[in-house]
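Novice: sequence first, then the predicted structure, then my questions.
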Amino acid sequence: MKKVILVTGGAGFIGSHLIEKLVVNPDHQVFSLDNYFTGNVKNHIAGAEYIKGETKDIDALIKQKPDIVYHLGEYSRVLTSFDDLDLVWRLNIEGTFKVLEFCRQNKIRLIYASSSTKFGEFDDATKDAKNETPYAYFKSTNTELVNNYGEWFGLDYAITYFYNVYGGREIREGRYATVVGILTQKFLDHQPLTVVTPGTQKRAFTHVDDTVEGIILVGEKGQGDGYSIGAEKEYSILELAEMFGGKIEMLPARRGDRQRSKIDQSKMTALGWRAKRDVAEYIEEIKKKGSLTKVENFVKI
């Protein structure tokens with residue numbers, strides 16, 4: 001009998017890569033539940049079944065009982081969460097509560113993708129990272145709720161933490177673009193690279209392939225909280241822009257922008273995981289591809 005796997009947010013950036021890895025196994029039957037807020041039909045992977053809808057309606061939409069749910073389908077941007085409060089509440093509070101109830105009532109294993117924002121550090125030591133943005137607050141609250149469901153109801157679960165994921169299919173333009181995605185697109189379009197002041201904010205940029213390998217490993221062997229899936233080496237946003245080269249445009253500082261996020265990789269190390277890829281190498285690949293594109297265009301002319 002096949003193992004039935006549900007990925008919420010399966011048409012999104014990370015979710016699509018997760019599904020791409022999962023469907024390779026012939027013993028897996030993979031479903032996606034996505035509302036296509038930031039997901040895209042272009043991210044659909046052959047071999048998976050796609051269901052359109054919100055996680056708050058999971059009980060009505062999912063007819064086949066999964067063995068495991070990878071819950072990635074939440075609002076996932078920090079600084080824009082101030083402007084999208086109703087949306088953050090619906091997707092991250094209502095939706096996740098319904099996912100928890102769905103898993104509890106059907107005795108389904110849950111892998112919850114939390115956020116490293118709760119481990120954020122600021123220049124002002126009095127600031128509490130989990131309360132600095134609506135996104136960080138709701139994600140941190142959900143983490144507590146998942147842990148409590150384990151205590152209250154014996155829910156079989158594990159919680160992962162993502163650290164600035166980058167790679168293919170990332171969003172490169174618009175309000176919900178990622179940092180690496182924005183810089184990549186600006187570079188390819190020969191535009192100034194935009195960096196939010198002060199530029200010294202450090203991030204553990206982690207390739208999507210490493211992230212997916214980590215979350216699958218946690219799905220197979222993890223139990224409980226504390227699985228931080230992040231690269232060991234950190235880079236500042238300004239360092240990242242300088243790797244691309246060219247003109248840099250400094251943008252005003254933004255409320256809720258943390259200086260860095262602490263990372264404890266001990267539980268992932270115990271599972272045998274470590275990040276294999278470095279964002280500096282990824283940027284070099286982007287630059288080479290950009291140069292090749294210029295040459296091809298020149299030849300065509």
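Specialist: All right, it came through fine.
Novice: what about the strands in the stretch 1-150 of the chain?
Specialist: Applying DSSP state E, counting those that start in this stretch to the stretch 1-150 of the chain gives strands spanning 3-8, 28-34, 48-52, 68-71, 109-115, 120-121.
Novice: can you add distance to Asp83, mean neighbour count and mean pLDDT and give those strands back as TSV?
Specialist: Using the backbone N, CA and C atoms, a C-beta is placed for each residue, glycine as well. Shown next, in TSV, are those (distance: least, Cβ to Cβ, whole Å; neighbours: other Cβ atoms under 10 Å; pLDDT from 0 to 100):
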stretch	distance to Asp83	mean neighbour count	mean pLDDT
strand 3-8	23	23	98
strand 28-34	22	24	98
strand 48-52	25	16	98
strand 68-71	24	27	98
strand 109-115	18	24	96
strand 120-121	19	18	78
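Novice: which one of the ones you listed lies closest to Tyr157?
Specialist: strand 109-115 (4.4 Å; Cβ to Cβ).
Novice: ok but Tyr227 is inside a strand, no?
Specialist: Yes - assessed with DSSP: H, G, I helix; E, B strand; the rest coil, Tyr227 lies in a strand.
Novice: neighbours of it, how many?
Specialist: Using other Cβ atoms under 10 Å, Tyr227 has 28 other residues around it.
Novice: let me know the average pLDDT across the helix or strand hosting Gln185.
Specialist: Assigning secondary structure by DSSP states H and E places Gln185 in helix 179-188. Averaging pLDDT along helix 179-188 gives 96.
Novice: before we move on, the earlier item: possible to save the strands of the stretch 1-150 of the chain as JSON lines with distance to Gly246?
Specialist: Listed next are the strands of the stretch 1-150 of the chain as JSON lines, based on distance: least, Cβ to Cβ, whole Å:
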{"stretch": "strand 3-8", "distance to Gly246": "37"}
{"stretch": "strand 28-34", "distance to Gly246": "35"}
{"stretch": "strand 48-52", "distance to Gly246": "39"}
{"stretch": "strand 68-71", "distance to Gly246": "38"}
{"stretch": "strand 109-115", "distance to Gly246": "31"}
{"stretch": "strand 120-121", "distance to Gly246": "29"}
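Novice: and the residue nearest to Thr178 when sequence neighbours are not counted, helix, strand or coil?
Specialist: Setting aside the residues directly before and after it, Thr178 is nearest to Glu170 in space (Cβ to Cβ, 6 or more residues apart in numbering), at 4.9 Å. Under three-state DSSP, Glu170 falls in the coil class.
Novice: show the pLDDT at Trp273.
Specialist: The score at Trp273 is 98. That number is its pLDDT.
Novice: got phi/psi on the residue nearest to Thr178?
Specialist: Dihedral angles phi and psi of Glu170 (degrees, to the nearest 10) take the values phi -70, psi 150.
Novice: do a quick rundown of the helices in the stretch 101-250 of the chain.
Specialist: Taking DSSP state H, counting those that start in this stretch, the helices of the stretch 101-250 of the chain run over residues 134-153, 179-188, 208-221, 237-244.
Novice: run the angle between the helix holding Gln185 and helix 237-244 for me.
Specialist: With axes from the mean of the first three to the mean of the last three Cα atoms, to 10 degrees defining the directions, helix 179-188 sits at 40 degrees from helix 237-244.
Novice: only alpha carbons, please: show helix 179-188 as CSV.
Specialist: Taking Å, rounded to 0.1, in the frame of the first residue of the first chain, the C-alpha atoms of helix 179-188 are listed here in CSV:
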residue,chain,number,x,y,z
VAL,A,179,16.0,38.6,-1.0
VAL,A,180,18.1,36.4,-3.3
GLY,A,181,15.3,36.5,-5.8
ILE,A,182,15.2,40.3,-5.9
LEU,A,183,18.9,40.7,-6.2
THR,A,184,19.0,38.0,-9.0
GLN,A,185,16.3,39.7,-11.0
LYS,A,186,17.8,43.2,-10.6
PHE,A,187,21.2,41.8,-11.7
LEU,A,188,19.7,40.1,-14.8
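Novice: for it, packing partners?
Specialist: Here helix 179-188 is seen to pack against strand 165-166, strand 193-196, helix 237-244, helix 279-300 when contacts are counted using 3 or more Cβ pairs under 8 Å, 6 or more residues apart in numbering; DSSP states H and E.
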